[in-house]
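Participant: No letters, just coordinates:
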Ligand code: F6R
């Protein structure tokens with residue numbers, strides 16, 4: 001896995017945005033897999049900034065989000081549908097008909113999950129999947145114990161995730177217990193994976209994901225089997241890595257993604 005370490009969270013978000021921008025420059029009709037949560041907000045802000053400067057055109061881009069809560073109305077302020085519109089889609093020229101999020105309100109959730117997988121396949125598969133990591137090591141809502149071959153389905157959130165996400169809902173009791181989430185297998189099918197992780201709270205999880213054994217107990221560790229996975233970390237998130245200095249050394253001979261649009 002390529003590991004890029006930046007001084008702080010803002011710098012890590014800018015680097016992640018530039019890797020995404022570079023893909024869109026190479027492939028204007030790219031299919032992006034997108035994530036929600038606190039971490040990517042400034043990555044989206046940088047993509048919006050590049051769009052406003054005339055550097056980035058989303059008109060032919062297609063997007064698929066990783067996950068959505070079950071039973072939360074789309075208009076709810078904490079639905080991932082609202083999050084994505086507020087933090088990204090409303091500020092760029094993406095075609096609304098090319099935006100896809102799992103439907104957590106479908107009458108037949110199993111059918112909706114299968115259809116989501118089919119839509120991804122019909123779009124030609126995901127070119128770049130943006131990911132965050134949960135403090136329990138999850139990617140999307142693939143909680144510990146999720147099959148590493150899993151596809152889009154309903155998953156119950158773990159207590160740790162409910163506790164982490166209570167900050168968005170005001171209390172643990174208000175956090176939905178169920179989600180519709182792309183599986184680890186669905187994520188591994190993306191042509192590139194980009195894991196963006198910031199903050200010391202994630203240091204243990206990212207160490208397990210990058211340096212620990214591949215295990216369904218830390219679903220992000222499956223990325224060790226991905227051919228084109230990049231982790232962009234800030235210093236605090238990288239602080240528990242035992243091979244951190246090697247990551248910096250290896251990166252010093254790579255083209256700097258931040259230079260792409262300068
Ligand atoms: C969100 C998602 C989750 C988050 C993870 C980290 O779509 O799939 O896996 O990426 O829970 O969330 P934050 O960034 O809020 O720490």
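Facilitator: Alright, I've got the coordinates. Small disclaimer: the values here were computed from a predicted structure and weren't measured.

Participant: Please make it C-alpha for all contacts and neighbour counts, starting now.
Facilitator: Fine.

Participant: so where do the strands sit in the stretch 1-150 of the chain?
Facilitator: Assigned by DSSP state E, counting those that start in this stretch, the strands in the stretch 1-150 of the chain fall at 2-6, 31-34, 62-65, 67-69, 99-100, 128-131.

Participant: Does residue 210 touch residue 224 like I think?
Facilitator: Yes - contact status for residue 210 versus residue 224: in contact at 6.8 Å, counting by Cα atoms under 8 Å.

Participant: who touches both of the two?
Facilitator: residue 1 (Cα atoms under 8 Å, 6 or more residues apart in numbering).

Participant: which residues sit against the helix of greatest length in the chain?
Facilitator: For the chain, the longest helix by residue count, based on DSSP state H, is helix 9-26. Residues outside helix 9-26 that contact it (Cα under 8 Å, 6+ apart) are 5-6, 30, 40, 42-44, 46-47, 56-58, 61, 128, 194, 196, 198-199, 232-234, 257-258, 260-261.

Participant: restrict the residues you listed to those near the ligand?
Facilitator: Among the contacts of helix 9-26, no residue is within reach of the ligand (Cα under 6 Å from any ligand atom).

Participant: Can you select the buried ones among these for me in PyMOL?
Facilitator: Buried residues among those (16 or more other Cα atoms under 10 Å), as a PyMOL selection:
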select buried, resi 5+6+30+40+42+43+44+46+47+56+57+58+61+128+194+196+198+199+232+233+234+257+258
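
Participant: Mark which of the contacts of helix 9-26 are part of helices, please.
Facilitator: Among those, the subset assigned to helices under DSSP H consists of 42, 43, 44, 46, 47.

Participant: hang on, the earlier thing: so for residue 238, which of the strands of the stretch 1-150 of the chain sits nearest?
Facilitator: Ranking the strands of the stretch 1-150 of the chain by proximity to residue 238 (Cα to Cα) places strand 2-6 first, at 7.0 Å.

Participant: which other helices and strands contact the closest one?
Facilitator: The helices and strands touching strand 2-6, judged by 3 or more Cα pairs under 8 Å, 6 or more residues apart in numbering; DSSP states H and E, are strand 229-234, helix 235-238, helix 244-251.

Participant: Quickly, which of those bottoms out on average pLDDT?
Facilitator: Lowest mean pLDDT of these: helix 244-251, a mean of 88.

Participant: Direction-wise, compare it with strand 2-6 and give the angle.
Facilitator: If you take axes from the mean of the first three to the mean of the last three Cα atoms, to 10 degrees, helix 244-251 sits at 100 degrees to strand 2-6.

Participant: Show residues contacting helix 244-251.
Facilitator: Taking Cα under 8 Å, 6+ apart as the rule, helix 244-251 contacts 2, 3, 4, 5, 238.

Participant: One more: stretch 87-107?
Facilitator: For stretch 87-107, the external contacting residues (Cα under 8 Å, 6+ apart) are 41, 44-45, 48, 51-52, 57-73, 81, 109, 112-113, 116, 179-181.
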